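In: Need a 3D model of the sequence below.
(one chain, ligands or ions: 1)
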Amino acid sequence: METIDFSACDSYPCLNQGTCRNQHTVHFTPVAVESVPVILVAPVSEHAFTCECGSEYNGQYCENRINQCDSEPCLNGAVCNDLVGDYACQCLLGFTGKQCQINIDDCSRSPCRNGGICADLINGYRCECLVGYSGDNCQDGPCALNPCMNGAPCIESGSEFTCQCPFGYWGTRCEFRSIGFSSGAFMEFASLDQDENSVIIEFSTTLPYSLLVYNHDGTTNKNGHFFLLELKDGKAHFSFNLGAGQVSLTTERRVDDGNWHRIQAIRKAQVSHLLCSFYN
Ligand SMILES: [Ca+2]
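Out: From the prediction side, this is the model:
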């Protein structure tokens, strides 16, 4: 009897540096071989092999090259590059991480100023500014948008602003303009009621002496009826005469400062009031 050495790996069946492992399987279903006068009975012996492939290959013979990008490991639009046993992702701007799975926190530098709230975007951020501030980083104060009209300088105070109106303009933004009167000019209205009057006038002047409202009965004697609102020495002066003599009221505060003032003169028969509001 002769024995023959046999190994399934002897033929180097594994490709691409795959490691071959022998597998010897014995089946115990007996096989009889007759050769008169001898009958040989033996189990079935099966010689096989397996290939242990490197990380780059698979298949029974390690014949298939593995593309590490086939499993699409790169996220968020990244490009995958196949390497030896690995992959590398080329991330789009705004992403990082092995698989580009991390959205970079663009708010980490705290770019929003003046209390603005930062919202992280992809490769960017957005600042939600508090009232009164503007700009990409909320860096601009309330005067940045030029809220003051008619050439008025804008003064910032935190999130608030103040317009320094030039003479003749008024309003929060100096958006209103008054009509100026030159010396001797006037506006004429219907005659006032003889018994009861309420006159409201808003004015701005730097003149310490000026006539605001004058109404009279057309007579020229000293007992003639009249209704007069004027500035004397910079103070509002209200006087009238309904035949019982002249009655006068004067404000204590000067109103010839160029700011806007509101004066309401009320007369009911011989009873009168003088109300003065100061806007500035
Ligand atoms: Ca981001």
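
In: Now do the same for the most centrally placed residue in the chain: its pLDDT.
Out: Using C-alpha atoms, centre = their mean, the residue of the chain that lies closest to the mean C-alpha position is Glu128, 2.6 Å off. pLDDT, Glu128: 97.

In: For the helix or strand where Ile200 lies, name the packing helices and strands.
Out: For Ile200, the element it lies in under DSSP states H and E is strand 196-204. Other helices and strands packing on strand 196-204, by 3 or more C-beta pairs under 8 Å, 6 or more residues apart in numbering; DSSP states H and E, are strand 210-216, strand 226-232, strand 260-268. Where C-beta positions appear, they are placed from N, C-alpha and C, glycine not excepted.

In: would you turn the ones you listed into TSV with mean pLDDT, mean neighbour count and distance to the ion?
Out: Listed next are these as TSV, based on pLDDT from 0 to 100; neighbours: other C-beta atoms under 10 Å; distance: least, C-beta to the ion, whole Å:
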stretch	mean pLDDT	mean neighbour count	distance to the ion
strand 210-216	84	15	65
strand 226-232	86	19	65
strand 260-268	81	18	51
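
In: Distance to Glu196 added to these, as a markdown table?
Out: As requested, those are exported to a markdown table (distance: least, C-beta to C-beta, whole Å):
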| stretch | distance to Glu196 |
| --- | --- |
| strand 210-216 | 13 |
| strand 226-232 | 11 |
| strand 260-268 | 5 |
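
In: These: which one's closest to Gly151?
Out: strand 260-268 (17.6 Å; C-beta to C-beta).

In: Pairing partners for the closest one, with directions?
Out: strand 196-204 (antiparallel), strand 271-278 (antiparallel) (DSSP bridges).

In: how big is the angle separating the first one from strand 226-232?
Out: Yep, that's strand 196-204 we're talking about. Note on geometry: by axes from the mean of the first three to the mean of the last three C-alpha atoms, to 10 degrees, strand 196-204 and strand 226-232 are set 20 degrees apart in direction.

In: can you list contacts of strand 196-204?
Out: With C-beta atoms under 8 Å, 6 or more residues apart in numbering as the test, strand 196-204 has contacts from 167-168, 170, 178, 192, 212-213, 215, 227, 229, 255, 258-269.

In: go on, stretch 213-233?
Out: 191-192, 194, 197, 199, 201, 205, 207-212, 236-243, 250, 254-256, 263, 265, 267.

In: in the stretch 151-280 of the chain, which ranges drop under the pLDDT threshold?
Out: Filtered on pLDDT under 70, the stretch 151-280 of the chain yields the residue ranges 179-180, 270, 272-274, 276-280.

In: Could you report the neighbour count for the nearest residue to Asn58 once chain neighbours are set aside?
Out: Take Asn58 and drop its neighbours on the chain: the residue closest to it by C-beta to C-beta, 6 or more residues apart in numbering is Asn64, 5.2 Å away. As a burial measure, Asn64 scores 14 neighbours (other C-beta atoms under 10 Å).

In: Please shift the residue numbers so they start at 327 in all later answers.
Out: From this message on, residue numbering opens at 327, which makes the last subject Asn390.
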